[in-house]
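Enquirer: Sequence first, then the predicted structure, then my questions.
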Amino acid sequence: MNATFVTEFVIIGFSKLLDFQKPLFVVFLILYMLAILGNLLIIGIIILEPRLHTPMYFFLTNLSMLDIFCSSTAVPKMLHNLLTEKNTISFSGCMAQLYLFTSFLGTELSLLAVMSFDRFVAICLPMRYPTIMNKSMCVGLAAYVWLLGTSNAIWLTALTFRLSFCGPNVVNHFFCEIPPVLKLSCSDTTLNDYATLVADLIFGLTCFMLTLVSYICIISSIVKIRSNDKKRKAFSTCASHLNVVAMLYGTTMYTYVQPMSPYSMDDDKIVSVMYTLVSPLLNPVIYTLRNKEVIQAFKKVWKKMFSKM
């Protein structure tokens with residue numbers, strides 16, 4: 001039975017670095033703004049350019065949306081805390097932040113597996129690609145990953161709600177995430193730890209294995225391509241996706257497997273910055289600088305905008 005006495009939590013954030021609070025605020029604010037603008041730019045270009053209305057870019061639009069949501073769930077509160085002395089968040093606000101972030105992160109991990117499947121069909125089964133990856137299939141897959149991420153977050157948040165929080169109420173993190181919040185409970189968190197581990201295996205290991213199998217098939221197909229230009233193009237699109245997969249899976253699995261054993265929360269803060277700020281910032285860069293179609297579409301949209309001025 002829940003016997004919560006804590007009405008609010010204190011977010012430590014980066015309070016140990018007192019002399020660097022304002023410089024950190026400036027750095028994180030710039031990174032956050034660039035991440036938001038970069039992902040909005042990707043979404044805008046894909047919407048405005050008909051040539052990019054394909055399954056790959058449909059999923060990329062979803063990825064950009066999730067990057068925006070993930071960052072916006074955690075970073076604004078962190079920026080606020082860097083400038084104020086009262087670094088508190090209500091109990092309900094903490095649970096809401098925990099739920100939203102878990103939902104968006106789980107959805108993003110599942111989406112990356114779907115994107116690898118899309119590349120598998122495009123490269124290994126090119127003749128059947130239009131039939132398999134039709135509009136209904138794409139919308140269905142996107143809806144499925146959003147539903148999966150939301151369902152997982154509801155389950156994990158409900159398990160957290162059943163715990164008692166008698167104090168202390170100091171969250172050694174820069175936002176309410178499952179591992180640091182569980183450490184504050186005065187109840188037995190064994191069930192939560194195992195549920196978190198199972199969720200991590202599903203969204204981390206299982207999705208990663210599906211992605212790995214897809215890319216083993218993709219690479220074996222690319223090797224058989226005779227044209228060097230086609231090989232380079234195929235490797236280019238795959239490399240972009242693999243960079244994103246490696247960065248996001250690696251950092252999230254490090255954080256969410258850890259509740260089963262002691263670990264450094266200071267290290268976890270650094271890792272969390274990777275998937276709340278760095279990954280959302282790098283995704284637009286990875287998918288644009290290595291993608292000629294997006295660059296050409298951007299130039300085309302840019303010219304149209306200035307021609308109307």
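Expert: Arrived safely. Residues are numbered from 1 along each chain as shown.
Enquirer: CA atoms for contacts and neighbours, from now on please.
Expert: OK.
Enquirer: who are the neighbours in contact with residue 142?
Expert: Residues in contact with residue 142 (C-alpha atoms under 8 Å, 6 or more residues apart in numbering) are 59, 62, 111.
Enquirer: Repeat that for residue 110.
Expert: Residue 110 touches 145, 149, 203, 207, counting by C-alpha under 8 Å, 6+ apart.
Enquirer: So the second one belongs to a strand, correct?
Expert: Put plainly, it is residue 149. No - looking at residue 149 with DSSP: H, G, I helix; E, B strand; the rest coil, it is helix, so not inside a strand.
Enquirer: ok, it - contacts?
Expert: Counted by C-alpha under 8 Å, 6+ apart, residue 149 has contacts 102-108, 110.
Enquirer: Reformat those as CSV; add pLDDT and secondary structure.
Expert: CSV is the format used below for the contacts of residue 149 (pLDDT from 0 to 100; DSSP: H, G, I helix; E, B strand; the rest coil):
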residue, pLDDT, secondary structure
102, 91, helix
103, 93, helix
104, 92, helix
105, 87, helix
106, 87, helix
107, 92, helix
108, 88, helix
110, 89, helix
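Enquirer: circling back: and the contacts of residue 110, which two are furthest apart?
Expert: For these, the farthest-apart pair by C-alpha to C-alpha is 149 and 207; their separation is 12.5 Å.
Enquirer: quick one on the thing from earlier: so of the contacts of residue 142, which ones are in helices?
Expert: When the contacts of residue 142 are checked against helices (DSSP state H), the matches are 59, 62, 111.
Enquirer: got those residues as TSV, with pLDDT, neighbour count and distance to residue 123 columns?
Expert: Shown next, in TSV, are the ones in helices among the contacts of residue 142 (pLDDT from 0 to 100; neighbours: other C-alpha atoms under 10 Å; distance: C-alpha to C-alpha, whole Å):
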residue	pLDDT	neighbour count	distance to residue 123
59	93	20	17
62	95	17	21
111	92	25	18
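Enquirer: Helices of the stretch 151-300 of the chain, start to end?
Expert: For the stretch 151-300 of the chain, the helices defined by DSSP state H, counting those that start in this stretch occupy 178-182, 190-200, 207-223, 228-257, 265-273, 279-289, 292-307.
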